[in-house]
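Undergrad: Need coordinates for the below:
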Amino acid sequence: MNIHRGIIKRPQKVVLYGPEGIGKSTFASQFPNPLFIDTEGSTDHMDVARLDTPTSWTMLLSEVSYVIKNPSICETLVIDTADWAETLCKNHIIQQNKGWNSIETPGYGKGYTVLAEEWGKLLNLLTDVISAGVNVCLTGHAQIRKFEQPDEMGAYDRWELKLEKKTAGLTKEWADILLFANYKTDIITGDNKKKKAVGGKRIMYTTHHPAWDAKNRFGLPEELELNFQSIAHIFAPIDAQQHAQQVTETPETVPVSKPIPAQIPTQQDSAYEGIIKPLADLMFQYDILPEQLSKAIGPVGNGGLGYFPEGTEIKSLATDFQEYIVTQWATEFLPKANPVGLPFEM
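TA: Numbering: from 1, shown residues only. Here you go, the predicted structure:
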């Protein structure tokens with residue numbers, strides 16, 4: 001049994017949330033050598049490195065797993081934004097459960113429990129990203145919710161991370177640093193005794209307040225300017241030898257047939273014509289041709305899964321079955337379509 005003392009240098013887990021347009025993406029772009037998974041197109045006008053926009057929850061997890069396997073491609077992985085990623089997660093669950101029209105369909109909060117379990121898979125993968133020596137930054141929108149403490153009378157409004165309650169709670173617990181960005185506005189009284197708002201400086205709050213959630217483990221001031229330099233000292237370079245050891249010890253969770261491509265398939269790509277975009281994106285990402293997937297869904301005697309007769313074209317499948325392939329891609333269809341590789345762990 002070994003006992004260790006002292007501060008352990010490791011990458012940081014950062015969550016930044018705030019109102020729309022406050023500058024969350026710009027802030028994240030200032031992190032060390034960032035690589036974006038842009039779920040909503042907010043970096044289109046920014047000169048940053050980015051992976052393809054994920055069109056399914058499966059694709060998002062696959063891209064995170066790709067960074068785990070290839071940690072040298074960046075120093076910070078940015079998911080921009082968490083609430084749009086949660087929407088992908090919800091759609092994934094709804095498609096997996098036939099008869100569900102929304103996450104609330106099963107009632108009694110069951111859908112939100114399933115959502116939290118699925119969201120936990122992403123957080124576990126992001127923890128593996130940290131173990132591989134890469135910082136993680138999640139951005140998110142803020143929303144105002146009515147809050148009532150159980151031991152006090154009355155309720156009041158407060159800013160919260162725009163996620164469902166259970167996934168928001170998991171995300172806040174996971175983070176080392178939870179930052180709330182907002183405009184600081186002062187109210188002054190003029191000569192006519194009328195009050196008006198002035199200022200509007202963009203700042204970020206680092207500690208808990210009745211009006212918002214925030215935390216940090218580094219003794220940061222309660223208010224900081226909204227720029228990376230305010231927290232840059234936290235991101236001290238990790239010892240090169242330690243980083244090398246981290247990378248070596250990181251489990252290989254996803255074999256990718258080829259590097260994530262610079263561009264995703266479009267309707268002009270004849271090989272994927274007629275296939276829904278989320279499925280076409282996964283096929284392109286893993287270098288799976290339609291005829292390979294067609295064989296995978298074909299007769300068991302020909303090495304398939306037995307869903308359809310031999311020669312059934314993917315583009316002829318109903319949309320709901322193509323969506324089913326997306327939800328079961330890693331565990332069922334990819335191993336059959338590409339027997340040489342193994343799916344990433346989920």
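
Undergrad: can we go C-alpha only for contacts and neighbour counts from here?
TA: OK.

Undergrad: Report the mean per-residue pLDDT for stretch 130-143.
TA: This predicted structure assigns stretch 130-143 an average pLDDT of 94.

Undergrad: Do you know the pLDDT at G107?
TA: At G107, the model reports a pLDDT of 87.

Undergrad: typed the wrong thing, it's A211
TA: pLDDT, read off for A211, is 88.

Undergrad: wait, what's in contact with it?
TA: The contact partners of A211, by C-alpha atoms under 8 Å, 6 or more residues apart in numbering, come to D157, R158, W159.

Undergrad: Tell me which residue is most central in the protein.
TA: Centrality entry for the chain: nearest residue to the mean C-alpha point is I79, 4.7 Å, by C-alpha atoms, centre = their mean.

Undergrad: Would you confirm that it contacts F36?
TA: Yes - counting by C-alpha atoms under 8 Å, I79 touches F36, with 6.0 Å between them.

Undergrad: Need the residues touching each of those two.
TA: Common neighbours of I79 and F36 (C-alpha under 8 Å, 6+ apart) do not exist.

Undergrad: how about the helix or strand T127 falls within: buried residues?
TA: Using DSSP states H and E, T127 falls within helix 110-131. Within helix 110-131, the residues that count as buried by 16 or more other C-alpha atoms under 10 Å are 111-112, 115-116, 118-120, 122-123, 125-131.

Undergrad: Can you show me the CA trace of the next helix or strand after that helix as PDB?
TA: Using DSSP H and E, the next helix or strand after helix 110-131 towards the C-terminus is strand 135-147. Written as PDB, here are the backbone C-alpha positions of strand 135-147 (Å, rounded to 0.1, in the frame of the first residue of the first chain):
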ATOM      1  CA  ASN A 135      -8.200  19.100 -20.800                       C
ATOM      2  CA  VAL A 136     -12.000  19.100 -21.300                       C
ATOM      3  CA  CYS A 137     -14.200  22.200 -21.600                       C
ATOM      4  CA  LEU A 138     -18.000  21.900 -21.800                       C
ATOM      5  CA  THR A 139     -19.900  25.000 -22.700                       C
ATOM      6  CA  GLY A 140     -23.600  25.400 -22.100                       C
ATOM      7  CA  HIS A 141     -26.500  27.900 -22.200                       C
ATOM      8  CA  ALA A 142     -28.000  29.300 -19.100                       C
ATOM      9  CA  GLN A 143     -31.700  29.500 -18.200                       C
ATOM     10  CA  ILE A 144     -33.700  31.100 -15.400                       C
ATOM     11  CA  ARG A 145     -35.600  28.700 -13.200                       C
ATOM     12  CA  LYS A 146     -37.800  29.200 -10.100                       C
ATOM     13  CA  PHE A 147     -36.000  27.800  -7.100                       C
END
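
Undergrad: Run through the neighbouring helices and strands of strand 135-147.
TA: Judged by 3 or more C-alpha pairs under 8 Å, 6 or more residues apart in numbering; DSSP states H and E, strand 135-147 is in contact with strand 13-18, helix 24-28, strand 76-80, helix 82-96, helix 110-131, strand 156-161.

Undergrad: partners of that strand in the sheet?
TA: Strand 135-147 pairs in its sheet with strand 13-18 (parallel), strand 76-80 (parallel), strand 156-161 (antiparallel), by DSSP bridges.

Undergrad: Include distance to T167 when you put the ones you listed into TSV, please.
TA: Converted to TSV, the strands paired with strand 135-147 look like this (distance: least, C-alpha to C-alpha, whole Å):
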stretch	distance to T167
strand 13-18	13
strand 76-80	15
strand 156-161	10
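
Undergrad: Buried deepest among the ones you listed, which one?
TA: With neighbours defined as mean count of other C-alpha atoms under 10 Å, the strands paired with strand 135-147 peak in mean count at strand 76-80, which reaches a mean of 26.

Undergrad: Can you check what angle separates it from helix 110-131?
TA: 160 degrees (axes from the mean of the first three to the mean of the last three C-alpha atoms, to 10 degrees).

Undergrad: quick one, strand 76-80 and helix 82-96 angle?
TA: Calculated by the same axes, to 10 degrees, strand 76-80 forms an angle of 70 degrees with helix 82-96.

Undergrad: Output strand 76-80 as CSV, nothing but the C-alphas.
TA: Output in CSV follows, covering the C-alpha atoms of strand 76-80 (Å, rounded to 0.1, in the frame of the first residue of the first chain):
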residue,chain,number,x,y,z
THR,A,76,-8.1,20.6,-24.9
LEU,A,77,-11.3,18.9,-26.1
VAL,A,78,-14.2,21.3,-26.2
ILE,A,79,-17.9,20.2,-26.5
ASP,A,80,-19.9,23.2,-27.6
